[in-house]
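> turn this into a model:
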Amino acid sequence: MMPKANDPSRSVAPKAAQKKPRKTEAAFDLWLQKGLHDIFDNVAHEPIPEELLRLIEEDRKR
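Sure, this is the predicted structure:
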């Protein structure tokens with residue numbers, strides 16, 4: 001008996017999709033990660049504005 005298409009015991013992805021990423025994909029991933037860090041690290045390290053902290057604290061008290 002063949003498993004049905006929606007049978008949870010079936011593999012979610014075909015074997016070809018389960019392989020390691022190719023070198024070009026890995027290189028792109030590294031390039032993208034570095035680029036995003038270059039752009040957003042400064043923003044992520046900025047202090048949170050006092051007004052926003054106050055609003056968050058007020059919301060917690062409710």
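
> show me where pLDDT drops low in the chain?
Across the chain, the ranges flagged by pLDDT under 70 are 1-21.

> please, where are all the helices along it?
Under the criterion DSSP state H, helices of the chain are mapped to 23-44, 50-61.

> tabulate those helices in a markdown table, adding columns for mean neighbour count.
For the C-beta atoms, the positions are set from N, CA and C on the backbone; glycine is no exception. Converted to a markdown table, the helices of the chain look like this (neighbours: other C-beta atoms under 10 Å):
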| stretch | mean neighbour count |
| --- | --- |
| helix 23-44 | 10 |
| helix 50-61 | 9 |
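
> so who does Lys23 touch?
Lys23 sits next to no residue when contact means C-beta atoms under 8 Å, 6 or more residues apart in numbering.

> okay, it and Ile39: tell me how far apart.
25 Å (C-beta to C-beta, to the nearest Å).

> what's the answer for Arg22, then?
Applying C-beta to C-beta, the value for Arg22 to Ile39 is 26 Å.

> Arg60 now?
The gap separating Arg60 from Ile39 is 31 Å, by C-beta to C-beta.

> and Phe28, by the same measure?
Distance, Phe28 to Ile39, by C-beta to C-beta: 16 Å.

> can you check Leu32 too?
Plainly put, Leu32 is 11 Å away from Ile39 if you go by C-beta to C-beta.
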